[in-house]
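Asker: Requesting a structural model of the entry that follows:
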Amino acid sequence: MQNSIVRLVEASKAFTTPEGGTVTALDRINLDVRRNEFLTLLGPSGCGKTTLLQAISGFVELDGGSILIDGEDMTDRPPYRRPVNTVFQNYALFPHMTVGENVAYSLEVAGVAKPQRREKVASALKMVGLEGMEARKPRQLSGGQQQRVALARAIIARPKLLLLDEPLSALDKNLRQAMQIELKTLQNELGISFIFVTHDQQEALTMSDRVAVLSGGRIQQLDTPRAIYDHPVNTFVATFIGASNLFEGRLDGDRLMTADGMAIRHRPCERKISAEATALIRPEQFFLAEDNAPFPTIDVDLDQIVFVGSTFELFGRTAEGRKVVAEIPANRRSLVGTVEQTRKARLAYDPAAVHLIGESAGA
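Answerer: Predicted coordinates:
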């Protein structure tokens, strides 16, 4: 693929456990990373995302398959000979060096003259918002500033590819959210591909052009954040990305009938899927039904109502004991006040918003 900066073909890796067994970290993964895109590897601990990142950087040797970067086979090439830089979770700054010395380190090793180094350091620090801080030591910086220094050091040589291994995990919530936007802006300005590893779903949705959701060493789904959220291909993706209400059952025309007798209305499916399927309704797709509402509804007894600022989270159960969660906008607080008193809620939903998950017919 001409537009690919990275291509993995049947990439496989297994590790030996202390007990003598083996764990498959990468199970014949095929992946194309596009030029100038922000791709996030997302998944729970042990899913293979960090191993995949380390295989691209060269710090993990594959058992099978190949890795191409910008059309060149890098499978057996050592890390220092790959056009790649990595930003680690702990930043890995040299504590005895100044900010300027840390950022310039790779240029110094490469033999770049001091005047050019100073010029490139100043440019890199300006890009990450740290101009004028060349003389400070890492200990004199905040966590967010240290993260920016690590970024400046990684981008100063203008690599073809930047790998980021959970670099925001040590930051507080507000700074983390601010840095998410800054990272995406920086990636656009540099015009190079970023591969970002995280287990934080919100982080992935915020920054990415595409997201690869991993589990068990395999890519479960690779798509845009919106497509993965709205149209997950299986129940793992549906539950890992955001909150979800899943209703398992059998399709019957424009309804999905659950084993406990519920009928979930849905729009006609664009693809033919097996009769056994799962209906997904996101919490924010519910709304509180008023009298004579023209939408299908689900009655729940409320266990808890939680106010989280912009929304109220309603946790309840159907008569059959099925758990249901809904998010109601804060501007509907008068209706929420009513159900708070009765502890009962009639939740309505639009059948067009229901997503069906099921195997393709004949697969």
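Asker: The stretch 51-200 of the chain: helices as residue ranges?
Answerer: 99-109, 114-127, 143-155, 173-190 (DSSP state H, counting those that start in this stretch).
Asker: Residues contacting the shortest one, please?
Answerer: Contacts with helix 99-109, where a contact means C-beta atoms under 8 Å, 6 or more residues apart in numbering, come from 85, 93-94, 97, 116-118, 120-121, 124-125, 130, 133-138, 141, 149, 152-153, 156-157. Bear in mind the C-beta positions are built from the backbone N, C-alpha and C, glycine included.
Asker: would you list every one of the strands in the stretch 151-300 of the chain?
Answerer: 161-165, 193-198, 210-215, 218-223, 245-252, 255-258, 263-265, 276-281, 287-288, 297-307 (DSSP state E, counting those that start in this stretch).
Asker: For those, could you give me a markdown table that also reports mean neighbour count?
Answerer: What follows is these, written out as a markdown table (neighbours: other C-beta atoms under 10 Å):
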| stretch | mean neighbour count |
| --- | --- |
| strand 161-165 | 23 |
| strand 193-198 | 25 |
| strand 210-215 | 24 |
| strand 218-223 | 18 |
| strand 245-252 | 17 |
| strand 255-258 | 18 |
| strand 263-265 | 18 |
| strand 276-281 | 21 |
| strand 287-288 | 20 |
| strand 297-307 | 15 |
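Asker: about what we covered before: quick one, which of the contacts of helix 99-109 are buried?
Answerer: 85, 93, 117, 120-121, 124-125, 130, 133-134, 138, 141, 149, 152-153, 156 (16 or more other C-beta atoms under 10 Å).
Asker: Just the element for the nearest residue to Gln304 once chain neighbours are set aside, please.
Answerer: Once flanking residues are discounted, Gln304 sits nearest to Phe315: 4.5 Å by C-beta to C-beta, 6 or more residues apart in numbering. Assigned by DSSP states H and E, Phe315 falls within strand 311-317.
Asker: Give me the sheet partners of that strand and which way each runs.
Answerer: Partner strands and pairing direction for strand 311-317 (DSSP bridges) are strand 297-307 (antiparallel), strand 323-329 (antiparallel).
Asker: Redo those strands as CSV? Include distance to Lys49 and mean pLDDT.
Answerer: Formatted as CSV, those follow (distance: least, C-beta to C-beta, whole Å; pLDDT from 0 to 100):
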stretch, distance to Lys49, mean pLDDT
strand 297-307, 31, 95
strand 323-329, 27, 96
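Asker: Between the ones you listed, which one is closest to Gly71.
Answerer: Ranking those by distance to Gly71, with C-beta to C-beta as the measure, places strand 323-329 first at 46.2 Å.
Asker: Next secondary structure after the closest one?
Answerer: That would be, after strand 323-329 and using DSSP H and E, helix 333-342.
Asker: Tell me where the protein is predicted with low confidence.
Answerer: Applying pLDDT under 70 to the chain flags the ranges 1-2, 270-271, 291-292, 360-363.
Asker: mind redoing it with 50?
Answerer: 361-363 (pLDDT under 50).
Asker: gap between the residue positioned nearest the centre of it and Phe315?
Answerer: The structure's the chain has its C-alpha centroid closest to Ala204; by C-alpha atoms, centre = their mean the separation is 2.8 Å. Distance, Ala204 to Phe315, using C-beta to C-beta, to the nearest Å: 25 Å.
Asker: Distance of Gly48 relative to Gln341?
Answerer: Counting by C-beta to C-beta - Gly48 and Gln341 are separated by 49 Å.
Asker: Those two: who's more crowded?
Answerer: Gly48 (24 against 7; other C-beta atoms under 10 Å).
Asker: related to what we said a few turns ago, my guess is the residue nearest to the centre of the chain meets Leu39, correct?
Answerer: No - judged on C-beta atoms under 8 Å, Ala204 makes no contact with Leu39 at a distance of 9.9 Å.
Asker: shared neighbours of these two, anything?
Answerer: Phe196, Val211.
Asker: Near the residue nearest to Arg153 when sequence neighbours are not counted, how many residues? Count them for me, please.
Answerer: In this structure, Arg153 finds its nearest non-sequential neighbour in Val103, 4.8 Å apart by C-beta to C-beta, 6+ apart. Using other C-beta under 10 Å, Val103 is surrounded by 30 other residues.
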